[in-house]
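Student: model this:
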Amino acid sequence: MFLLNDNLIKYTIDTCRYNEIKLNKYNSKKCATDSECLSNKCINNFCVFNEETPIVHCESVFNGYGSTFIYCGKPYNDICEFNNDCSSKICSSRYLYSINNCIYHNAC
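Tutor: Predicted coordinates for the structure are as follows:
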């Protein structure tokens, strides 16, 4: 939620990739206009990731030595090329022939 001129604006934060919509692999809250989405992009009634207004996600990342640090990057499920693109620092393809995406740092 966001307060603008004393008006509370509620955004849909659930965001997917466009190919998930085309394959009917995404089911979430529906949108009618871009302005309803935190990503500012509504396609076929779903909020999708938008490179023009990227969402930044920050989280604690374990360094393997018993401590953590805060790292900010793309949120889970957003398209990535490199580990450093993602807030989890993990860019991976979970499925054969699938595009790389940011995954949760504890994912198998």
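
Student: and the most centrally placed residue in the chain, what is it in contact with?
Tutor: Closest residue to the average C-alpha location of the chain: residue 75 at 3.7 Å, with CA atoms, centre = their mean. When contacts are counted by CB atoms under 8 Å, 6 or more residues apart in numbering, residue 75 touches 15, 55, 56, 57, 87, 102. From N, CA and C alone the C-beta is placed, and that goes for glycine too.

Student: wait, the fifth one sits on residue 102?
Tutor: Yes. Because the distance of 6.9 Å satisfies CB atoms under 8 Å, residue 87 is recorded as touching residue 102.

Student: Return every residue with contacts to both of the two.
Tutor: Common neighbours of residue 87 and residue 102 (CB under 8 Å, 6+ apart) are 73, 74, 75, 76.

Student: from those residues, which two are the most distant?
Tutor: Within the shared contacts of residue 87 and residue 102, 73 and 76 form the most distant pair, 10.4 Å apart (CB to CB).

Student: Which of the two has more residues huddled nearby?
Tutor: Neighbours were tallied for residue 73 and for residue 76 using other CB atoms under 10 Å; the higher tally belongs to residue 73 (22 against 17).
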